[in-house]
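Q: here's a sequence, model it:
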Amino acid sequence: MTDQQTAYIRFESPVRHERGHYPGVFVLVNGLARDGRLTAEQERFRRANNDWYDAAYPNPTHVDPTVYDLDVNPGAVAWFKATATHLIERVPGYLDILAAHGIPVRTLRSADPGRVVYEDDVQIVVVPRAHDQ
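A: Below you'll find the model as predicted:
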């Protein structure tokens, strides 16, 4: 059973992205890869685990292409459902990569992180309350 205060979990930067939101752990690691900053071992981990995640759960944009549209859903971000332990248990490898590059990450837990614009068995995408006013 899930504690009401930790129904959803998100791993993100404590620093806003130029688009105004706090990028999640996958965006951060993929950005390091795009910039050619990962070691060969880190890149192998990233590629294998990104492939695993791609196969393990739906990409919200494949269901609703507007889910992350800045005009339709400003600031929309994804959160894991706390019950998706099989997905969450792989996150520490990404956190290790970010720590090795000096990139801070915070873990957020919430029972109500915002207005839900997408939901499936393992995740939600929300527009945070600050963007919804």
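
Q: hmm, Leu63 is touching Gln123, no?
A: Rather than Leu, residue 63 is Val. No - using C-beta atoms under 8 Å, Val63 is not in contact with Gln123; the gap is 11.2 Å. C-betas here are computed from N, CA, C, even on glycine.

Q: more neighbours: these two, which one.
A: Gln123 (19 against 12; other C-beta atoms under 10 Å).

Q: all the strands of this protein, in order from the start?
A: 8-12, 77-81, 106-110, 115-119, 123-127 (DSSP state E).

Q: spatially central residue for this structure, please.
A: The chain has Gly24 as the residue nearest its centroid, 4.1 Å off, counting by C-alpha atoms, centre = their mean.

Q: can you tell me how far Val27 is from Ala111?
A: Val27 sits 24 Å away from Ala111, taking C-beta to C-beta, to the nearest Å as the criterion.

Q: and those two? Which one has more around it.
A: Taking neighbours as other C-beta under 10 Å, Val27 and Ala111 compare with Val27 leading, 15 against 12.

Q: what's the neighbour count on the residue nearest to that one when sequence neighbours are not counted?
A: Once flanking residues are discounted, Val27 sits nearest to His17: 7.8 Å by C-beta to C-beta, 6 or more residues apart in numbering. For His17, the neighbour count with other C-beta under 10 Å is 14.
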